[in-house]
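>>> Got a predicted model here, sequence first, then my questions.
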Amino acid sequence: MRRINYTFIIKWGLLILTLFFWITPGMSQEDRIIMNHEELGIHSRPLVIFPHNDHEGLTECIRCHHDYDEYMTNIGGDEGKCSDCHQATPGSNPINLTKAIHIQCKSCHMKSAKTNVNKGPVMCGQCHIR
């Protein structure tokens, strides 16, 4: 009669659970995010619809979800909104929210435009579509 190897079952079970809890947070992100930061008040341009899923495979998460140490090295960050660290007016973070968003998006899009790979919009009306 064959003996059940409980150690084998437990190891595989733990591996499956670990993979489940490691993979599902990334999958739970919304496909498209409407960039409506209430901190900015009434918007003068149409809201940007950010296709998060389109960006996931193009760059590392820490490119957008970033945090910096005392040496200004990007050490990654939590999955959060820009407004978690950047305010409408500069406070503890010297870069205000609007500027942070525009720098973040446009710098990456301009870099990809130079290589002509997956170039994204850089003009106002290309993101703020009426």
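Alright, I've got the coordinates.
>>> what residues are up against I49?
32-35, 129 (CB atoms under 8 Å, 6 or more residues apart in numbering). Any C-beta I mention is one placed from the backbone N, CA and C, and that applies to glycine too.
>>> what do you get if the cut-off is 7 Å, keeping everything else the same?
32, 34 (CB atoms under 7 Å, 6 or more residues apart in numbering).
>>> For whichever strand or helix holds it, buried residues please.
Assessed by DSSP states H and E, I49 sits inside strand 48-51. By neighbour count on 16 or more other CB atoms under 10 Å, the buried set for strand 48-51 is 48, 50.
>>> Offset the numbering so it begins at 5, please.
Sure, I'll start counting at 5 from here, so that last one is strand 52-55.
>>> Partner strands of that strand, with direction?
When sheet partners are counted by DSSP bridges, strand 52-55 sits next to strand 36-39 (antiparallel).
>>> hang on, I14 in a helix?
Yes - counting by DSSP: H, G, I helix; E, B strand; the rest coil, I14 is located in a helix.
>>> From L21, how far out is it?
According to CB to CB, to the nearest Å, I14 and L21 sit 11 Å apart.
>>> who touches both of the two?
Contacts common to I14 and L21, judged by CB under 7 Å, 6+ apart, are absent.
>>> re the thing from before, just the CA coordinates of the strand holding I53, formatted as CSV?
Output of strand 52-55 as CSV, limited to C-alpha atoms (Å, rounded to 0.1, in the frame of the first residue of the first chain):
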residue,chain,number,x,y,z
VAL,A,52,-7.4,61.6,-18.4
ILE,A,53,-8.3,58.0,-18.7
PHE,A,54,-5.1,56.1,-17.9
PRO,A,55,-5.0,52.5,-19.4
